[in-house]
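Generate coordinates for the sequence data below:
(one chain, ligands or ions: 1)
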Amino acid sequence: MKLNLNIQPLSTWISSDKQPLVIGGPCSAETEDQLVATAHLLAKTGKITALRAGIWKPRTRPGEFEGIGSIGLKWLDRAKQETGLPTAVEVATAKHVEEALAAGVDILWVGARSTANPFTVQEIADALKGVDVPVMVKNPVNPDLSLWIGALERINNAGITKLAGIHRGFSSYEKSAFRNEPMWDMAIALKTHVPELPIINDPSHICGNRDLIPYIAQKALDMDMQGLMIESHIDPSVAWTDAKQQLTPAALADLIDRLTLRKPETSNKEVSNALDQLRENIDKIDDIIFQKVSERMKIVEKIGNYKKDNGITILQVNRWDEILQKRTAFAKALSLNTDFAERLLELMHSESIRKQTEIMGVAQAEGQAQENLTHV
Ligand SMILES: O=C(O)C(=O)C[C@]1(C(=O)O)C=C[C@@H](O)C=C1
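Modelled structure (predicted):
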């Protein structure tokens, strides 16, 4: 379902001269020298569109460096005056918004922890009323698309039309190579709901480790994201925060050089005709798949009626296991990815269970129980 947000194109608020669009800068502003020197080196690469720096840092545990605070805004302004780079900082309270705007910060962003809290987002939105400043909203720490959309809506309702999302990955209990799981499907879902919303990828926070950054940055561009936010420090080995994921300005420039830029469309008529033809074939095949799935569901319904009339359980573990084994082996023989085949079968099986539960009348009882609960 498409959402109705009032959003201006990215090019109306940030220069599109350099492609890919990269917002670079240190995780935290630490000292005036560190920030200004990093900014100069970044500007000298000629590849950076805006300068980022954390001024107020939301830390998980107390006692860690929580950002240099307001004084850093003066350093950031000096970096901007000397390099000509527009600046971006994270804001998490109304006071941050007021101070950042008073200090001439060009772009604000809402952090992942703030996005997860509607009270915080509303406080920021209220502080932004009547101001024409670009705001980027990071995904919430947890993979909840509604929270991300809700935060964008709150900011948009406050009158902010220069709006973007930042995909920084999601917390996960599972051990992983990533600091935050990319869960690309979440960013794709946001793009599907709000196609006009620019999305900036933040490979630094997804990876948590500089070696992985090139892969995520490339994938983000291939996912048609509009830009990258990458942390860069003059000397990452002594960085006060996120030392492992920061790149020197030279390493960042090198990474940008190695990225391949692709476009969503081509002006080559021959290629676009070939793609049209192939897409027509896909449409036909998708139609056949749906017809077949519908036939399968009709059989599932018949089985469901037999089960209801003869006191047979809905779940048939042995039969389900047989389907999983045989069909995934078949899928493999057809050169299909077995994980994909398994997920497809699971999706169909859970729909069968839902359908047969409905036939048994249990779904109705469950619905009634839910209704009773909501009336308590
Ligand atoms: O074989 C059945 O009993 C069915 O209802 C079909 C089906 C399926 O979707 O394939 C559904 C539920 C069972 O757990 C096993 C298989």
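
Can you name the residues that contact the residue in the stretch 151-300 of the chain positioned nearest to the ligand?
Nearest residue of the stretch 151-300 of the chain to the ligand: Val300, at 5.3 Å (Cβ to the nearest ligand atom). For every residue, glycine as well, the C-beta is placed using N, CA and C. Val300 makes contact with Ser352, Lys355, Gln356, according to Cβ atoms under 8 Å, 6 or more residues apart in numbering.

which of the residues you listed are close to the ligand?
Ser352, Gln356 (Cβ under 6 Å from any ligand atom).

quick one: which of the contacts of Val300 is nearest to the ligand?
Ser352 (3.2 Å).

Quick check: nearest residue in space to the closest one, chain neighbours excluded?
Val300 (4.4 Å; Cβ to Cβ, 6 or more residues apart in numbering).

Quick check: what element follows whichever strand or helix holds the one you found along the chain?
With secondary structure defined by DSSP states H and E, Val300 is part of helix 269-310. For helix 269-310, the following helix or strand on the C-terminal side (DSSP H and E) is helix 317-333.

how far does that following helix sit from the chain's center?
Taking Cα atoms, centre = their mean, to the nearest Å, the mean C-alpha location of helix 317-333 is offset from the chain mean by 34 Å.

What segments of the stretch 101-250 of the chain are strands?
107-110, 135-138, 163-167, 199-201, 227-231 (DSSP state E, counting those that start in this stretch).

Out of those, which gets nearest to Leu152?
Proximity to Leu152, assessed across these by Cβ to Cβ, is greatest for strand 135-138 (5.3 Å).

quick one: contacts of that closest one?
88, 107-112, 114-115, 128, 148, 151-152, 155, 160, 162-168, 200, 202.

what's Gly63 sitting at in phi/psi?
phi 90, psi -10 (degrees, to the nearest 10).

for whatever helix or strand Ser352 lives in, packing partners?
According to DSSP H and E, Ser352 maps onto helix 338-360. Secondary-structure packing of helix 338-360 (3 or more Cβ pairs under 8 Å, 6 or more residues apart in numbering; DSSP states H and E): helix 269-310, helix 317-333, helix 362-375.

quick one, the first one and helix 338-360 angle?
Using axes from the mean of the first three to the mean of the last three Cα atoms, to 10 degrees, the inter-axis angle of helix 269-310 relative to helix 338-360 is 40 degrees.

Around the ligand, which positions in the stretch 201-350 of the chain sit nearby?
Going by Cβ under 6 Å from any ligand atom, the residues of the stretch 201-350 of the chain near the ligand are Val300, Ile303, Leu315, Gln316, Arg319, Trp320, Ile323, Met348, His349.

Of those, keep whichever come out buried.
In these, burial by neighbour count holds for Val300, Ile303, Met348, His349, counting by 16 or more other Cβ atoms under 10 Å.

Now for these: which two are most distant?
Farthest pair in those, by Cβ to Cβ: Ile303 and Met348, 13.3 Å.

Can you give me the neighbour number for Asp321?
10 (other Cβ atoms under 10 Å).

Contact partners for Ala151?
Contacts of Ala151 (Cβ under 8 Å, 6+ apart): Val110, Ser114, Thr115, Pro118, Val121, Val137, Pro140.

just Glu270 next, same as before
Applying Cβ under 8 Å, 6+ apart, no residues contact Glu270.

Ramachandran coordinates for Gly24?
Per degrees, to the nearest 10, the backbone of Gly24 is at phi -120, psi 160.

what pairs with it across the strands?
Leu51, Ile230 (DSSP bridges).

What pLDDT is listed against it?
Looking at Gly24, its pLDDT reads 98.

What about it, how many residues nearby?
30.

and it, how far is that from Ala102?
As for Gly24, its distance to Ala102 is 24 Å (criterion: Cβ to Cβ, to the nearest Å).

care to break this structure down by domain?
As assigned by automatic domain parsing, the chain contains the domains 10-258, 269-375.

If you average the pLDDT over the last one, what comes out?
Read that as domain 269-375. pLDDT averaged over domain 269-375 gives 93.
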